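Asker: Here's a sequence, model it:
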Amino acid sequence: MPEDSYTALLARRGVGYTARKLGEEAVETIVEALQGSRETLVYESADLLYHLMVLLALRGASIRDVVSELERRHKERAGSRGGGEG
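Answerer: Model (predicted):
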């Protein structure tokens, strides 16, 4: 990644800084969900997901790991209900 990219800046500043940025983006996403248009909600959601993916990478995880966890939970819940949809 280019040294002067925003992603590189987040990586240099570390987990704490990136986590705070994620929190800021979460608040902005909530505000847009409650008061904004669909377009501004999507825009802020993209920022939220971007910061989450960077934070995950800084901790050695990825969005694929999150998806795998969601799939595991879905299968676990479906199994506890005898194979029903969840």
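
Asker: Could you list the low-confidence segments of this structure?
Answerer: For the chain, the stretches with pLDDT under 70 are 83-86.

Asker: And the strands in it, which stretches?
Answerer: Counting by DSSP state E, the chain forms no strands at all.

Asker: Regarding it, what is its longest helix?
Answerer: If you go by DSSP state H, the chain has its longest helix at helix 6-35.

Asker: what comes up buried for it?
Answerer: 10-11, 18, 21-22, 25, 28-29, 32 (16 or more other Cβ atoms under 10 Å). Every C-beta, even on glycine, is put in place using the N, C-alpha and C of the backbone.

Asker: do the same with stretch 38-55
Answerer: Buried residues in stretch 38-55, counting neighbours by 16+ other Cβ under 10 Å, are found at 41, 44, 47-48, 50-55.

Asker: Other residues contacting stretch 12-26?
Answerer: With Cβ atoms under 8 Å, 6 or more residues apart in numbering as the contact definition, stretch 12-26 has outside contacts at 10, 44, 47-48, 50-52, 54-55, 58-59.

Asker: if we go to 10 Å?
Answerer: Residues from elsewhere that reach stretch 12-26 (Cβ atoms under 10 Å, 6 or more residues apart in numbering): 3, 6-7, 9-11, 44-59.

Asker: what's the answer for stretch 47-58, then?
Answerer: By Cβ under 10 Å, 6+ apart, stretch 47-58 touches 6-7, 10-11, 13-30, 32, 61-66.
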